[in-house]
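> sequence plus predicted model, see below.
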Amino acid sequence: MKINFFSSSDDDHIIPIIENNDSPTDDVPQDGEVVGVLPLRNMVLFPGVLLPVAVSRPKSKKLVQTVYEQEKMLAVCCQREQNVSEPKGDDLYDLGVCARIARTIDVPDGSLMVILEGICRIRVVEYVSSKPYLKAKIKHEDEIFPKKNDKHFLAIASSIKDLTTKVLKLSESIPQEAAMAITNINNLPSFVNYVCVNFGLRITDKQELLSIDSLEDRALRLLELLNKEVQMLEMKADIQNKTREDINKQQREYYLHQQIETIQKELGDTSEQKSNEMLERAAKKKWSKEVQAVFEDELKRLKRMSTNAPDYSTQETYLETMLELPWNEYSEDNFDVKNARTVLDENHFGMEKVKERIVEFIAVQKQLQSISSKDEAIKSPIICLYGPPGVGKTSLGKSIATALGRKYTRVSLGGLHDESEIRGHRRTYIGAMPGRIIENIKKAKTSNPVFVLDEIDKIGMDYKGDPTSALLEVLDPEQNSHFHDNFLNIDYDLSKVFFIATANTLDSIPRPLLDRMELIEMTGYSIEEKVEIAKRHLIPKELKEHGLKATQLKFKKEVIEQIIDRYTRESGVRNLERQIAKVCRKVVTKMASEEEYNVTLTPEDIVTYLGQPRFSRDEYEGNKYIGVVTGLAWTKVGGEILFIEASLSQAKTPTLTLTGNLGDVMKESATIALGYIKAHAQDFKIPPEMFNKNAVHVHVPEGAVPKDGPSAGITMTTALVSAFTKRKVRPRIAMTGEMTLRGKVLPIGGVKEKILAAKRAGITDLILCDDNRKDIAEIPDFYLKGLKFHYVKDINEVINLALL
């Protein structure tokens, strides 16, 4: 027996282990035998080496106890990723070492210290179980040992000893007792493996060394790695010597600065005056005792610092930020429900769901205030308004602030990539600043503003962090009462802030962030709604901005509809506002030139001022053609009608041709429609030979516009039946709905927009799925006037209703 020194897994010191050279090897597992596998973090075991390991995982403790009691051996493999707490087979290197448990020691903290003795190299063939611990089939990996007294190998080993001696002299992390351990190891293969384990190599380097079959090649690779380590240690020593010289220089400068400060005080320095002013302001703050204590400590630190110190300005900015923040300062809420409804209706037309939610919030806050004490926190909701651009998401935040009587603040998150923009920078950096959340709370001067997080769907992510992860704390009602800003380094209460996030789409927002917000969709406006918005808001605003009176320029309803329908194509009203402004500019120019103009605008005036119409309205084209059916589609700018055209042509080989820039879903709808018609040809009185003698062509006009979605299923089926049976479609009828291969009609979305499109095009009859009745019930009656709805469940009902 002899004493060796081996490295622990938890720190870099060397601990003595008594090595037993007469360990039994007759119980080594055979190839293909199943053994338990012990995963190791940050260490690699080699044959012939003893290694202490702290075992704390329940599975690993179970494995060690079982193997030790049965006096068997186990496989030891290193983890690929050190942060995996419960590694599986894929998380471990295949190459490891078969080991014997030499000793186990119970540790007071509940873990187990195990001394492992490496026996031979093995490779994991297959993992067969993970319960109660990892088990795997193994096979042995043979090693190639040098010949006895091989001069080349002896020279390499001698060089390794010299380098390890240098490492011990240069490194402070390895105790000098390790030198004695090196001199006591007479077995050169064991010596090489011992150095591989204990001399500060990276895990990947150790795993590479273990994978080398030839011990001589392993020693050569080890020699290369030790050379690099010696070079690094020598460079570190050189840098430390230079640093000592720099510290001496800094000390000299410090004494000079102290003298300068003394001179400045004699000349009437203002730093002491600033500190007194800060103390006076701090006495008026409503912060807690904990915050007060932090402020006093940081102010003392500022007094001790030299004004010429690099971080003096950062420390001063920190204290100013603490003083400017509205700690426990709140604006008084206006919980008048009627007033809130009036304010929201005056500033915004439509948006009933959003208005209803705000009114509900005010009513709940009023009720809570009547039964709660003033000091009891009443949390504000966190809302996400999503919808197309220009529908009033951001401006609605201002109206909500006005209705509640709160301050309004806004931050644009579009293009944000740095997590520090949300959480702030740590004060270890020169020029550190608080994050945008704290900065905007400071500007609002109240702790319960209406805070709009604009464009939350356009946040980026790069090597500086993920801002959306930082927002998880901001927008979580259970966490934001203790929001931690890195610059402030004190918890700040955001629970009373009314957060309103805006987004154009939810696709790019991470699911955990969506889960923390109440989602309210804001769809595009219909033409009727845009007309009302133009009358109530846009026209008066533009007349005022262009210095016009209401008597000098008048917009009739038909003129407003003309601008909306022929000169804009959008969900919101931004382009509509631009077109109205353009008309106002033209009129003001005529007035300045003393030219005559029509006070009440006509359609001809609009063409003169805005040019020829940019868009044309889809109109019903009649039913004179067989195989042409009117469908309904939803777009981001509202509903539209579209025409599905089907035709047959004689052909030797029957084919189905689809044109019109159709997406995969629409193509599948056409395939389902033709398949259903073939299967039910007898029901439609279609001769079976027609399918073999004719090629089918389905086209959807405006081929430059991409089209997709399932709602054209019944429309395509009706068009094909019309083409095969030569039956015309009933006049002024349109339809929308998905169809299954069984002929069942399924519900679709965008019902309101599609109904408005049909009404504009002159459609009188609409065919919808029976399950869409509930959507019709939510639409105001004036939108439905002049329309007759036919609700169906099966495609046969559609055919009977649609075809003559």
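Now that the structure is in, tell me what you want to look at.
> residues contacting the residue nearest to Ala432 when sequence neighbours are not counted?
Nearest non-adjacent residue to Ala432, counting by C-beta to C-beta, 6 or more residues apart in numbering: His425, 3.9 Å away. For glycine as for every other residue, the C-beta is placed from the backbone atoms N, C-alpha and C. Each residue near His425 by C-beta atoms under 8 Å, 6 or more residues apart in numbering is listed here: Ala432, Met433, Asn486, Phe487.
> sec struct for the second one, please.
On the three-state scheme (DSSP: H, G, I helix; E, B strand; the rest coil), Met433 is labelled coil.
> quick one: the contacts of His425 as JSON lines, columns for neighbour count, pLDDT and distance to Val337 too.
Formatted as JSON lines, the contacts of His425 follow (neighbours: other C-beta atoms under 10 Å; pLDDT from 0 to 100; distance: C-beta to C-beta, whole Å):
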{"residue": "Ala432", "neighbour count": "18", "pLDDT": "82", "distance to Val337": "45"}
{"residue": "Met433", "neighbour count": "18", "pLDDT": "86", "distance to Val337": "40"}
{"residue": "Asn486", "neighbour count": "20", "pLDDT": "87", "distance to Val337": "40"}
{"residue": "Phe487", "neighbour count": "22", "pLDDT": "88", "distance to Val337": "40"}
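> need the max-distance pair from these.
Met433 and Asn486 (10.1 Å; C-beta to C-beta).
> quick check: neighbours shared by these two?
Gly424, His425.
> next one: phi and psi at the residue nearest to Ala432?
phi -100, psi 150 (degrees, to the nearest 10).
> can you tell me how far it is from Asn83?
Using C-beta to C-beta, to the nearest Å, His425 is found at 26 Å from Asn83.
> could you do Ser288 as well?
36 Å.
> just say helix, strand or coil for Cys98.
Cys98 - assigned by three-state DSSP - is strand.
> so what's it bridging to?
Counting by DSSP bridges, Cys98 forms beta bridges with Ala75, Cys120.
> okay, it: pLDDT?
As predicted, Cys98 sits at a pLDDT of 94.
> isn't it right up against Ile122?
Yes. Counting by C-beta atoms under 8 Å, Cys98 touches Ile122, with 4.7 Å between them.
> neighbour count for these two, which is higher?
The neighbour count for Cys98 versus Ile122, taken as other C-beta atoms under 10 Å, is higher for Ile122 (28 against 22).
> surely the more buried one is within a strand?
Yes. Counting by three-state DSSP, one finds Ile122 located in a strand.
> now do it against Cys77, distance only.
9 Å.
> shared neighbours of those two, anything?
Leu95, Gly96.
> residues contacting the closest residue to Gln479 other than its chain neighbours?
Distance criterion C-beta to C-beta, 6+ apart; nearest residue to Gln479, sequence neighbours excluded, is Glu473 at 5.0 Å. The neighbours of Glu473, taking C-beta under 8 Å, 6+ apart as the test, are Gln479, Asn480, Phe483, His484.
> Val114: which element?
strand 112-129 (DSSP states H and E).
> report the buried residues of stretch 682-696.
Going by neighbour count (16 or more other C-beta atoms under 10 Å), the buried part of stretch 682-696 is Phe684, Ile686, Met690, Phe691, Asn694, Val696.
> please apply the same query to stretch 291-311.
Val291, Val294, Phe295, Glu298, Leu299, Leu302, Met305, Ser306, Asp311.
> for the first one, I want the exact helix or strand it lies within.
This points to Val291. Val291 belongs to helix 289-304 when assigned by DSSP H and E.
> and the contacts of that helix?
Counting by C-beta under 8 Å, 6+ apart, 271-272, 275, 278-279, 282, 285, 287, 312, 315-316, 318-319, 322, 327, 490 sit against helix 289-304.
> spell out the residue ranges of the helices in the stretch 451-600 of the chain.
Taking DSSP state H, counting those that start in this stretch as the criterion, the stretch 451-600 of the chain carries its helices at 467-474, 511-515, 527-533, 539-545, 557-567, 574-592.
> got it, and the stretch 701-804 of the chain?
713-725, 751-760, 773-777, 781-784, 795-802.
> which one of the contacts of helix 289-304 has the most neighbours?
Met322 (24 neighbours).
> next, it: secondary structure please.
helix.
> mind checking how far it is from Ala181?
Relative to Ala181, Met322 is positioned 56 Å away (C-beta to C-beta).
> repeat for Leu92
29 Å.
> more neighbours: which of the two?
Using other C-beta under 10 Å as the criterion, Leu92 and Ala181 rank with Leu92 on top: 25 against 21.
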